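# kindly generate the corresponding structure for this input.
(chains A, B and C)
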Amino acid sequence: MKKYVHLTLVLFIIAFLSGFLLGVVNELTKGPIAEAQARKLANGVQNIFKDANLEALKDENNIVKLNDKTLLEYYIVYNNDEEIIGYVFSVDGPGAYKAIQFIVGIDVNGKVRGISYLNVEETPGLGTRVKNEDFTNNFIGVDDVSNVDIISGATKSSNAVKNGVQRALDYFNKNLKGGTNNE
Amino acid sequence: MNVGQLIALAFSAILIQNVMLTQFLGTCPFLGVSKKSQSAIGMGLAVIFVITLSSILTWTVYWLILDPLNLQYMRTIVFILIISGVVQFVEMFIKKTAPVIYKMLGIYLPLITTNCAVLGVALININKEFNFIEMVVYSVGISVGYALVIYVFSTIRERIERAPIPESLKGTPIALIIAGIMSIAFIGFAGIL
Amino acid sequence: MNNKDNFLKGIFTENPVFMLVLGMCPVLAITTSVSNALGMGVAFTFVLIMSNVIISLIRKFIPNDVRIPAYIVVIATVVTIVDLFMQAYAYSLYESLGIFIPLIVVNCIVLGRAEAFASKNGVFASFIDALGMGVGYTLAITLISTVREVLGSGTFLGIDVFPFDLVQPASIFVIAPGAFITLGILLAIINAIRFKRAKKAQAKE
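As a prediction, the model looks like this:
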């Protein structure tokens, strides 16, 4: 009996110390982790909307969560004069193997301003060709993706991007058209 | 999620995202316990059993305890303890209730604690934010896929044993090359869905 | 065994990847690019050193019956710390290594060194042992990833190695089958060298 008390006690002490240590490390890294994630998004948004106000992007009022597996959420993008210049949708498209995560920017007139990838885990050299500018530039300025050619050999990956953009456009036309946030 | 999507998820878990050939989880037992098809079947069944059980437990603990308490960062440590507990429990349980199965699976069970497929699937279930049904379908699918591949692989290895191959290729090197060729074949499944 | 031999055995005679063929999951999965391999190598070496040192320090307090769970808790703690710090200060590396950072917990090499070496030896010897193993592991995965990145993407650390598109890289080396085949052929080459040496040594005698 005494032996089991001893064993349990030792394990308990080790578990307690490790829990304490992890709690401290978690507190230390919480801020930098959130910052690293926000920075990645901010870089993407800046690629699409050059004049975006990145500070306003952090404001929780400008993030609208969507209850959808593909269309995750959108951000209202302001410029430095506090005018709405567009919306950025965060899309999680089903790729050939894993997800393709990207953001698509739509300006207030309903035209696509650009795409920026957050995470592409597709077959290197095949599916990752969706990152090529030859492909992404086709989306710029369109309000309907049906004329965008898919990449041969990367059908599934490029279709995932195409459908994701169309979903964002549909959502925009249905809920956000007119330039005001009428939700 | 409707039934069709669940079938697609199961199909993709078994073949397209095959845990061994495309995600490289569980390589050590894959190479170690695949010399005979008999032991490959044993390992495969043990993996199905343990992955399913531990996925259900880890998923439940994560969403009912760790997530509400904001202790997400404790998941690796909690999961590995749950998994080693499950393995030990399964071993004791089978030993008492089904000695025949124990004879078949017994020696493979302790090996499973260090099979990274178990912890890997538990973590993927959380990362992908699966709901309960999706989690069960995915875990069963992944482990069935593992069992399938390790069995097919072992039958190939049994034949290779008798083939005249260069001395330096014997053993692990040729096994890896076979796995590579199987992996090429499995890429073809990606076009189906 | 002196410190030098203790260090070198991890790199040559007991190289965890090429000689012991242990902990293969990350070896196959993250060697798609040299930068991933280096990142994984550093994380892995750090975990190995920390867990070996801590386990060697507390080895006298841990009853034999519960040593494995105790080791696992120590290793999992170190791994989680690495995971959190990597997420905070090397976010893109964290994303490309993904699930393979937490999976260091179940890597046979780490628990194997704890059980076989750190539980029986002093702190400094355990540190040297872990350093040798870590460096050996890092060198091995760097070699594999070099082959895969150069042949598969035509780059080394992201820099083009084939100028003017003279050679079209074969992307099969970067995808899953390439991992198995590259490692299989590298192991065969190492075996061939070993056999040749053994034969020479025999002939001398």
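
# when you work out contacts or count neighbours from here on, use the C-alpha atoms and nothing else.
Fine.

# what parts of chain C come near chain A?
Residues of chain C lying close to chain A (Cα under 8 Å from any Cα of the partner chain) are C:61-63, C:65-66, C:69-70, C:73-74, C:77, C:80-81, C:84-85, C:87-89, C:91, C:153, C:171, C:174-175.

# show me the shaky parts of the chain.
Looking at chain A here, since you left the chain open. Residue ranges of chain A with pLDDT under 70: A:58, A:60, A:95-98, A:121-127, A:153, A:178-183.

# looking at chain C here, not the other one
Counting by pLDDT under 70, chain C contains low-confidence residues at C:1, C:164-165.

# helices of that one, start to end?
Here chain C has its helices, by DSSP state H, at C:3-11, C:24-29, C:34-58, C:67-89, C:91-97, C:108-113, C:123-153, C:176-204.

# repeat for chain B
Chain-ordered helices for chain B, with DSSP H as the definition, fall at B:3-11, B:27-32, B:37-61, B:75-97, B:99-105, B:109-112, B:116-127, B:132-160, B:172-187.

# relative to chain C, which of those is closest?
helix B:172-187 (4.1 Å; Cα to the nearest Cα).

# so who does the residue nearest the centre of chain C touch?
Compute the mean C-alpha point of chain C, and by Cα atoms, centre = their mean the closest residue is C:Y137, 2.9 Å away. Neighbour list for C:Y137: C:I11, C:N15, C:P16, C:V17, C:G41 [criterion: Cα atoms under 8 Å, 6 or more residues apart in numbering or on different chains].

# of these, which is the nearest to B:M20?
Sorting these by how near they are to B:M20, with Cα to Cα, puts C:V17 at the top with 18.1 Å.

# is it true that the closest one touches C:L28?
No. When contacts are counted by Cα atoms under 8 Å, C:V17 is not listed as touching C:L28 (10.5 Å).

# make JSON lines out of the contacts of C:Y137 and add neighbour count.
As requested, the contacts of C:Y137 are arranged in JSON lines below (neighbours: other Cα atoms under 10 Å in any protein chain shown):
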{"residue": "C:I11", "neighbour count": "24"}
{"residue": "C:N15", "neighbour count": "22"}
{"residue": "C:P16", "neighbour count": "25"}
{"residue": "C:V17", "neighbour count": "23"}
{"residue": "C:G41", "neighbour count": "22"}
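
# out of those, who's nearest B:Q88?
Checking the contacts of C:Y137 against B:Q88 with Cα to Cα, the nearest one is C:P16 at 27.6 Å.

# and the closest one, what does it touch?
C:P16 neighbours (Cα under 8 Å, 6+ apart): C:G10, C:L22, C:G23, C:I109, C:M133, C:G136, C:Y137.

# how close does the last one get to C:E95?
With distances taken as Cα to Cα, to the nearest Å, C:Y137 is found 21 Å from C:E95.

# with the third one instead?
Spatial separation of C:G23 from C:E95 under the definition Cα to Cα is 21 Å.

# of those two, which one has the most company?
C:G23 (23 against 13; other Cα atoms under 10 Å in any protein chain shown).

# that older thread, could the helices of chain B go into CSV alongside distance to A:V5, mean neighbour count and mean pLDDT?
CSV is the format used below for the helices of chain B (distance: least, Cα to Cα, whole Å; neighbours: other Cα atoms under 10 Å in any protein chain shown; pLDDT from 0 to 100):
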stretch, distance to A:V5, mean neighbour count, mean pLDDT
helix B:3-11, 46, 15, 84
helix B:27-32, 36, 19, 81
helix B:37-61, 26, 21, 89
helix B:75-97, 19, 18, 86
helix B:99-105, 31, 15, 75
helix B:109-112, 25, 18, 75
helix B:116-127, 30, 22, 88
helix B:132-160, 37, 21, 92
helix B:172-187, 46, 20, 90
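
# could you save these as a markdown table and add columns showing distance to A:D92?
Shown next, in a markdown table, are the helices of chain B (distance: least, Cα to Cα, whole Å):
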| stretch | distance to A:D92 |
| --- | --- |
| helix B:3-11 | 16 |
| helix B:27-32 | 29 |
| helix B:37-61 | 22 |
| helix B:75-97 | 24 |
| helix B:99-105 | 41 |
| helix B:109-112 | 33 |
| helix B:116-127 | 13 |
| helix B:132-160 | 18 |
| helix B:172-187 | 22 |
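
# out of those helices, which comes closest to A:I85?
A:I85 sits nearest to helix B:116-127 of all the helices of chain B, at 33.2 Å, using Cα to Cα.

# next one: the closest one, is it in contact with chain A?
No. Helix B:116-127 does not reach chain A (Cα under 8 Å from any Cα); its nearest approach is 11.6 Å.

# packing partners of that helix?
Judged by 3 or more Cα pairs under 8 Å, 6 or more residues apart in numbering or on different chains; DSSP states H and E, the packing partners of helix B:116-127 are helix B:37-61, helix B:75-97, helix B:132-160.

# which strands or helices does the longest one pack on?
The helices and strands touching helix B:132-160, judged by 3+ Cα pairs under 8 Å, 6+ apart, are helix B:3-11, helix B:37-61, helix B:116-127, helix B:172-187.

# now the residue lying farthest from the centre of chain C: how far from B:N125?
The outermost residue of chain C relative to its centre, with distances by Cα atoms, centre = their mean, is C:E205 at 35.4 Å. Noted for C:E205: a distance of 58 Å to B:N125, by Cα to Cα.

# repeat that for C:D160.
37 Å.

# and if you look at B:M182?
B:M182 is 26 Å from B:N125, where distance means Cα to Cα.

# contact residues of chain C facing chain B?
Near chain B, when you scan chain C using Cα under 8 Å from any Cα, you find C:22-26, C:28-29, C:69, C:72-73, C:76-77, C:80, C:84, C:99, C:102-103, C:106-108, C:176-181, C:183-189, C:191-192, C:195.

# can you select the buried ones among the residues you listed for me in PyMOL?
Buried residues among those (16 or more other Cα atoms under 10 Å in any protein chain shown), as a PyMOL selection:
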select buried, chain C and resi 22+23+24+25+26+28+29+69+72+73+76+77+80+84+99+102+103+106+107+108+176+177+178+179+180+181+183+184+185+186+187+188+191+192
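
# in chain A, what residue comes closest to chain C?
Nearest residue of chain A to chain C (Cα to the nearest Cα) works out as A:I33 at 4.1 Å.

# quick check: phi and psi at A:Y75.
Note on A:Y75: its backbone torsions stand at phi -120, psi 140 [degrees, to the nearest 10].

# contact partners for it?
Contacts of A:Y75 by Cα under 8 Å, 6+ apart are A:L57, A:N62, A:I63, A:V64, A:Y87, A:V88, A:F89.

# B:Q72 now?
Shown in contact with B:Q72 (Cα under 8 Å, 6+ apart): B:Y62, B:L66.

# bridging residues for A:A99?
Here A:A99 sits in beta bridges with A:P94, as judged by DSSP bridges.

# that's a strand at A:S90, yeah?
Yes. Counting by DSSP: H, G, I helix; E, B strand; the rest coil, A:S90 falls inside a strand.

# burial of it, as a residue count?
Number of residues near A:S90 (other Cα under 10 Å) recorded here: 26.

# what distance do you get for the closest residue to B:S34 other than its chain neighbours to B:L31?
Ranked by Cα to Cα, 6 or more residues apart in numbering or on different chains and with sequence neighbours excluded, the top spatial neighbour of B:S34 is B:S154, at 4.6 Å. Distance, B:S154 to B:L31, by Cα to Cα: 9 Å.

# please apply the same query to B:P166.
In this view, B:P166 and B:L31 are 19 Å apart by Cα to Cα.

# likewise for B:G44?
Distance, B:G44 to B:L31, using Cα to Cα: 13 Å.

# near chain C, which residues of chain A?
Counting by Cα under 8 Å from any Cα, chain A comes close to chain C at A:7, A:10-11, A:14-15, A:18-19, A:22, A:25-26, A:29-37, A:123-126.

# that older thread, can I get the buried part of the residues of chain C next to chain A as one ChimeraX selection?
Selection of the buried residues among the residues of chain C next to chain A in ChimeraX, burial being defined by 16+ other Cα under 10 Å:
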select /C:62,69,70,73,74,77,80,81,84,85,87,88,91,153,171,174,175
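
# name the nearest residue to the residue nearest the centre of chain B, ignoring sequence neighbours.
The residue lying closest to the centre of chain B (Cα atoms, centre = their mean) is B:S143, at 4.2 Å. Once flanking residues are discounted, B:S143 sits nearest to B:I48: 4.8 Å by Cα to Cα, 6+ apart.
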